[in-house]
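Visitor: fold the following, please.
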Amino acid sequence: QVQLVESGGGLVQAGGSLRLSCAASGRTFSSNTMGWFRQAPGKEREFVGAISWSGGSTYFADSVKGRFTISRDNAKNTMYLQMNSLKPEDTAVYYCAASPLRSGLVYSRDGMYTYWGQGTQVTVSS
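Guide: Model prediction:
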């Protein structure tokens with residue numbers, strides 16, 4: 001059974017940092033694009049960032065560019081989202097996702113991802 005499990009969420013003050021992890025089990029995603037999405041209360045799920053299988057390509061939403069970075073450790077089948085300079089508008093449930101494709105490209109559309117985690121709450125207080 002394929003599972004993606006996010007961890008590292010919590011409550012942080014504005015300007016602070018958090019590091020989310022996404023651990024995969026059941027199969028390896030070392031050859032697949034992976035991404036992060038988030039959903040705030042009353043809003044649709046939105047793209048945050050994505051990373052290619054090698055880590056050589058990343059792509060971010062404009063709202064987080066320059067503040068968030070993504071990395072991965074394929075040996076551990078784990079992806080990370082480092083979030084710095086957090087703002088109250090970053091408050092959301094954060095989901096990791098894995099694409100079944102092995103193209104080396106990065107995707108911002110959630111339809112390109114098949115596997116999803118259960119989400120972890122990030123709350124940024126002002």
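Visitor: from here on, just use CA atoms for contacts and neighbour counts.
Guide: Will do.
Visitor: need the contact list for the most centrally placed residue in the chain.
Guide: Nearest to the geometric centre of the chain sits residue 36, at 2.4 Å (CA atoms, centre = their mean). By CA atoms under 8 Å, 6 or more residues apart in numbering, the contact set of residue 36 is 47-50, 81, 94-97.
Visitor: can you report phi and psi for it?
Guide: Dihedral angles of residue 36 (phi, psi; degrees, to the nearest 10) stand at phi -120, psi 140.
Visitor: swap in the one 10 residues further on?
Guide: Residue 46 adopts backbone torsions of phi -130, psi 150, taken as degrees, to the nearest 10.
Visitor: bridge partners for it, pull those for me.
Guide: On the basis of DSSP bridges, residue 46 is bridged to residue 38.
Visitor: my read: it touches residue 39, true?
Guide: Yes: counting by CA atoms under 8 Å, residue 39 is a contact partner of residue 46 at 6.2 Å.
Visitor: test for you: state the pLDDT assigned to the closest residue in space to residue 60 that isn't next to it in sequence.
Guide: Residue nearest to residue 60 in three dimensions, not counting chain neighbours: residue 49, with 4.1 Å by CA to CA, 6 or more residues apart in numbering. Note for residue 49: predicted pLDDT of 98.
Visitor: what is the burial count for residue 49?
Guide: 25 (other CA atoms under 10 Å).
Visitor: any weak-confidence spans in the protein?
Guide: Residues of the chain meeting the criterion pLDDT under 70: none.
Visitor: residue 35: what's it in contact with?
Guide: Per CA under 8 Å, 6+ apart, neighbours of residue 35: 48-51, 96-98, 107-108.
Visitor: where do the helices sit along this structure?
Guide: Remark: helices of the chain are absent; assignment by DSSP state H.
Visitor: tell me where it has strands.
Guide: 3-7, 10-13, 18-25, 34-39, 46-51, 58-60, 68-73, 78-83, 92-98, 115-116, 120-125 (DSSP state E).
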